[in-house]
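[1] Sequence below, structure please.
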Amino acid sequence: MGVDVRRVALGDIAGLRDCVGAVARERLFLAVTQPFSLQETALFVARIIDASFVQYVADESRRIVGWCDVTPKMGHVHAHVGVLGMGVLAEARGRGIGTSLMQAALAAARERFEQVELSVYASNDRAHALYRRSGFVERGRWPKGRKVDGVYDDVILMSLIF
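    Below is the predicted model of the structure:
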């Protein structure tokens, strides 16, 4: 496959920003539709590294083609819960990269959290299937929870309890 799945490093900031930005501009999969700035990405990555949070990147020939992170849910009473976010560039999908990222991130998350939650759009069949294969269970649904360009989509809430 030629893809190295590894923990994020400070040298990945620009590449990660470009990768997340490309997926965001698709306007289909993320809660954001515009790229983050280089500074926003740098602050996020620095926080991940400094706090030893979970973030893996897929590096193909020194280009970031995907990411998966698990960060603590907000609020002290939720400290045992991680929130998963991930994405893979369009041209890199269907090659097992998402599965590899998910496996690495969940293995690391097991050491830090009791459970991991995520949300996925109902129209994102590929991601929904990946999450189910990884052990996530649907816990609820937010009808019309997403609206982009006048088009609604349900938000499916899922979790994995270790």
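
[2] The closest residue to residue 93 other than its chain neighbours: what secondary structure?
    Ranked by CB to CB, 6 or more residues apart in numbering and with sequence neighbours excluded, the top spatial neighbour of residue 93 is residue 126, at 7.2 Å. Any C-beta I mention is one placed from the backbone N, CA and C, and that applies to glycine too. Under DSSP: H, G, I helix; E, B strand; the rest coil, residue 126 falls in the helix class.

[3] Give me the neighbour count for residue 126.
    13 (other CB atoms under 10 Å).

[4] got a list of what the residue nearest in space to the middle of the chain touches?
    When the chain is reduced to its mean C-alpha position, the closest residue under CA atoms, centre = their mean turns out to be residue 86, at 1.7 Å. By CB atoms under 8 Å, 6 or more residues apart in numbering, the contact set of residue 86 is 66-69, 98, 101-102, 105, 127.

[5] quick one, phi/psi of it?
    phi -160, psi 170 (degrees, to the nearest 10).

[6] Specify the beta-bridge partners of it.
    residue 68 (DSSP bridges).

[7] Right, I'll call it a day here.
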